[in-house]
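S.K.: Mind looking at a prediction? Sequence and model below.
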Amino acid sequence: MTAFACAAYILGAQSAQANRSCDPAEIDSVITNSPLCAGDHINLSVIASGDIIGYSWEGPGTGTSFSFTPEYSFSFQILGDYTIIVYGDCGNDTAVVTITAQGAGAGQDNTLDICDNGPPKDLEDALGVHATGGTWAYDELPHSGIYTPGIDEPGEYVYTSPFPATCPGTSQTATITVVEVTVGPNAQRNICESDSAFDLMEALATDVTPGGEWSYLVFLSLEPHSGIYDPSIDSSGTFRYSVQGCVASVIMVEDPLLAWFEDLDGDGFGDPLVMEWSCYPIPGYVADSTDNCIGVMGKTGEPCDDGLPETVDDVITDSCTCEGELPTAIVTTVDQPTPFTIWPNPNSGDQLYLRIADIGPAEVRIFDATGRLHLSEQVLLQGDEAPIRIPLGPTLAQGLYLIQVTAAGGSGTIPLVIR
């Protein structure tokens with residue numbers, strides 16, 4: 001009878017008897033075959049009195065079963081507390097019994113494969129039917145019974161039962177032999193598309209357990225793979241190695257071939273006529289291929305330095321030489337009413353001396369060859385031809401400059417070379 005039908009029947013029977021006198025159900029005792037031995041079913045029976053109409057039986061994770069007889073048997077072993085309810089016409093009674101396996105002793109010896117990259121493992125799961133609450137030992141030292149890869153050592157772990165082993169063929173102790181399966185951590189490898197075939201095992205731990213199988217992850221499915229990555233056949237992706245239930249993955253990243261161009265002069269621009277193919281940078285080569293002046297730092301039209309202080313606007317010409325122009329806008333004297341002299345000239349760029357036979361305020365200005373003003377200094381002329389010191393500062397680079405002195409009587413200019 002289904003649970004729904006039986007419950008409906010019991011409720012109907014109770015309703016029918018509600019108006020007459022009856023004795024409520026009362027449980028006198030519950031009989032079990034606990035403690036269990038290996039292979040035993042769980043057999044329950046109840047002795048009860050009163051006006052009884054049915055029974056229900058329920059254990060941990062078993063669901064509820066109904067019967068009209070006071071006996072019930074579960075064909076599987078789930079240890080723990082079982083609840084029996086006896087239904088009566090005018091009242092129910094409930095009893096709870098605990099099913100154990102105390103007589104089963106320590107359980108059975110077993111060998112347990114544990115992944116070296118897996119989570120902690122409860123060794124008790126490998127004992128089978130056994131009396132719970134015992135102790136664990138490894139190498140005759142107490143142990144928790146929880147094996148943690150990377151911390152615990154593979155070997156024999158001994159469980160000792162807390163109760164006498166009364167079941168046939170049982171023992172007070174059982175040994176779980178832990179074998180650690182080595183696959184190591186997941187890995188990632190880069191490979192060039194021109195490289196030769198690569199054995200994926202080389203990407204895993206050096207002591208990886210052999211004999212496993214490789215597969216290739218395609219969307220959400222796994223396709224068998226040889227374990228040899230061949231760039232001419234395979235492509236970037238995730239490859240999985242599985243052995244004795246343990247898994248490690250290798251992510252392969254295939255890099256494309258790129259063109260690299262020789263850079264003899266080290267200016268960052270490569271010779272378009274000298275090229276090599278590689279997935280990675282090559283010493284002496286660059287990715288740029290626009291060098292049109294091999295052996296010269298820079299390209300045509302770019303600024304350079306020809307080493308001549310008297311020239312300006314130095315650039316790399318179409319013939320791949322560095323050339324400048326002599327300035328044409330500079331004259332040695334322009335409207336110089338009163339002669340003046342400067343020294344030293346050429347100059348090292350730190351200070352300049354000026355002598356002029358004039359009286360009153362004057363302005364000394366320094367221009368470069370392009371006409372840009374670099375310095376302006378106000379001085380007071382005494383007319384005694386004593387030299388006037390002009391600090392030049394750190395702003396003047398090597399090249400040709402123009403010294404201009406403006407006084408009440410007019411102005412004049414003299415070229416100045418900074419070397």
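M.R.: That came in fine, so what should we check first?
S.K.: make it CA atoms for all contacts and neighbour counts henceforth
M.R.: OK.
S.K.: Give the full set of residues in contact with A95.
M.R.: I27, V30, T83, I84, I85 (C-alpha atoms under 8 Å, 6 or more residues apart in numbering).
S.K.: Which one (most neighbours) among those residues?
M.R.: Ranked by the number of neighbours (other C-alpha atoms under 10 Å), the contacts of A95 place I84 first, at 24 neighbours.
S.K.: Other residues contacting the helix or strand harbouring that residue?
M.R.: Secondary structure assigned from DSSP states H and E places I84 in strand 80-88. Strand 80-88 is contacted by residues 10, 14, 23-27, 48, 50-60, 92-100 when judged by C-alpha under 8 Å, 6+ apart.
S.K.: so where is this structure shaky, pLDDT-wise?
M.R.: 1-20, 327-339, 384-385, 409 (pLDDT under 70).
S.K.: and G324, what is it in contact with?
M.R.: G324 neighbours (C-alpha under 8 Å, 6+ apart): D305, D306, T311, V312, D313, D314, V315.
S.K.: Buried subset of those residues, written for PyMOL?
M.R.: A single PyMOL command selects the buried members of those (16 or more other C-alpha atoms under 10 Å):
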select buried, resi 306+311+312+314+315
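S.K.: Format the contacts of G324 as a markdown table; extra columns: distance to N117 and secondary structure.
M.R.: Shown next, in a markdown table, are the contacts of G324 (distance: C-alpha to C-alpha, whole Å; DSSP: H, G, I helix; E, B strand; the rest coil):
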| residue | distance to N117 | secondary structure |
| --- | --- | --- |
| D305 | 63 | coil |
| D306 | 66 | coil |
| T311 | 72 | coil |
| V312 | 70 | strand |
| D313 | 68 | strand |
| D314 | 66 | strand |
| V315 | 64 | strand |
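S.K.: farthest pair in the contacts of G324?
M.R.: T311 and V315 (10.9 Å; C-alpha to C-alpha).
S.K.: still on that earlier bit, of the contacts of G324, closest to P283?
M.R.: The closest of those to P283 turns out to be D305 (C-alpha to C-alpha; 27.4 Å).
S.K.: nearest spatial neighbour of that closest one, skipping sequence neighbours?
M.R.: D314 (5.7 Å; C-alpha to C-alpha, 6 or more residues apart in numbering).
S.K.: ok, and for stretch 388-395, which residues are buried?
M.R.: So, applying 16+ other C-alpha under 10 Å, buried residues of stretch 388-395: I388, I390, L392.
S.K.: With stretch 320-327 instead?
M.R.: C320, C322, E323, G324.
S.K.: Now the second one: closest residue in space, sequence neighbours ignored.
M.R.: Translated: C322. The shortest distance from C322 to any non-neighbouring residue, by C-alpha to C-alpha, 6+ apart, is to I316 (4.5 Å).
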